[in-house]
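Visitor: From the sequence below, what's the structure:
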Amino acid sequence: METLKRRIDFIYMFDVQDGNPNGDPDAGNLPRVDFETDKGLVTDVCIKRKIRNYVDVVKSGIEGYDIFIREGAVLNTVVDKIYETPAVKNADKNQKKVSVKNALCEKYYDIRTFGAVIASKEKQGQVRGPVQLTFARSVDSVRVYDHTITCMSVTKADKEKEHSMGRKATVPYGLYVAHGFISANLAKQTGFSEEDLELFWNALENMFDLDRSAARGLMAARKLIIFEHETELGNARADKLFDTVTVSKKNEVTIPRSFLDYDVTIDRSALPEGVKVYERI
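Guide: Numbering: from 1, shown residues only. Okay, here's the model as predicted:
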């Protein structure tokens, strides 16, 4: 597989309708918000989880696409098993740490993509991944609704005549924007390839269709704007590239309830030399 040789920056937009895109455990699992601006938040960890789940489904059983961070995994045990593989057991003592890192990157898609903190019987340290994401933030403030729901069944036989009450929190609508960065320099260190990149784009496009839940409402990927540099170190600062993209409500819209209520524009004339932009979605 050909290793990625150019820097890439991107903007990813998705929306939610009548759902909770990312519950906050510190706030009773209500949708996350910036309490000073009331803009909605979705953590980078939440987005990465959906990407991992997508890869785990579409590449199930294929060598080199296993997932390291999965529910219920005992990570130290997983790493310790790597020490029993021939490539690591036969490695020179001074190269043991490097051979473990290489074996983990080769086996696990999420390590060579996002990196990981590796702990085991022999301290390994950190693997820095080439793909990094920010929190996603809603374009406008969101209103959080807390709905009362009724459970028609009971959990204990001695309370058969009682109906329990519950809560369900939703955002009526929110358009969220995340920013991402892909380092060609770190891709060389983990082996992140052009094929891995294509799988990553596919995950951003399709992961919500494999992650449906009544709690999350209707979620969809809306825009994926990719800035591709000609060089490994890049031809411009990422913030300058992101500034060429504007997301705004249409003039006649007061309260947005659909992606069609927004205009997304790219000022291509402001792009510096050596950077190409294209829209994947």
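Visitor: my guess is F200 contacts R112, does it?
Guide: No - the criterion here is Cβ atoms under 8 Å, and F200 misses it with R112 at 10.8 Å. All C-beta atoms are positioned from the backbone trio N, CA, C, and that covers glycine.
Visitor: Those two - which one has more neighbours?
Guide: R112 (27 against 23; other Cβ atoms under 10 Å).
Visitor: name the element the more buried one belongs to?
Guide: Assessed by DSSP states H and E, R112 sits inside helix 109-114.
Visitor: outside of that helix, which residues touch it?
Guide: 48, 51-52, 55, 59, 64-69, 104-106, 116, 127, 129-132, 190-192, 196, 199-200 (Cβ atoms under 8 Å, 6 or more residues apart in numbering).
Visitor: are any of the residues you listed buried, and which?
Guide: 48, 51-52, 55, 64-69, 104-106, 116, 127, 129-132, 190-192, 196, 199-200 (16 or more other Cβ atoms under 10 Å).
Visitor: Quick check: mean pLDDT of the biggest helix by length in the chain?
Guide: Using DSSP state H to define each element, the chain has its longest helix at helix 44-58. In this model, helix 44-58 has a mean pLDDT of 96.
Visitor: So which of the contacts of helix 109-114 sit within helices?
Guide: Reading helices off the contacts of helix 109-114 with DSSP H, I get 48, 51-52, 55, 104-106, 190, 196, 199-200.
Visitor: Using CSV, lay out those together with distance to E273.
Guide: As requested, the ones in helices among the contacts of helix 109-114 are exported to CSV (distance: Cβ to Cβ, whole Å):
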residue, distance to E273
K48, 33
I51, 32
R52, 37
V55, 35
L104, 39
C105, 34
E106, 37
T190, 29
D196, 28
L199, 30
F200, 27
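Visitor: wait, which of those is closest to F242?
Guide: Distance to F242 across the ones in helices among the contacts of helix 109-114 (Cβ to Cβ) is lowest for F200, with 18.8 Å.
Visitor: residue contacts, F135?
Guide: 41-44, 178.
Visitor: ok, and the most crowded of those?
Guide: Highest neighbour count within the contacts of F135, by other Cβ under 10 Å: V42, with 23 neighbours.
Visitor: beta partners for that one?
Guide: A136 (DSSP bridges).
Visitor: what does stretch 255-267 contact?
Guide: 13, 15, 17, 139-140, 172-173, 175, 220, 222-223, 225, 244-250, 253, 277, 279.
Visitor: Can you list the buried residues in it?
Guide: Buried residues in stretch 255-267, counted by 16+ other Cβ under 10 Å: 256, 259, 261-262, 264, 266.
Visitor: what ranges of the stretch 151-281 of the chain fall below the confidence cut-off?
Guide: 154-163 (pLDDT under 70).
Visitor: on that earlier part again, and after the longest helix of the chain, which helix or strand comes next?
Guide: Immediately after helix 44-58, counting by DSSP H and E, sits helix 75-82.
Visitor: on contacts alone, who are the packing partners of the following helix or strand past that following helix?
Guide: Remark: after helix 75-82, the chain's next helix or strand is helix 86-89, criterion DSSP H and E. Counting contacts by 3 or more Cβ pairs under 8 Å, 6 or more residues apart in numbering; DSSP states H and E, helix 86-89 packs against helix 96-107.
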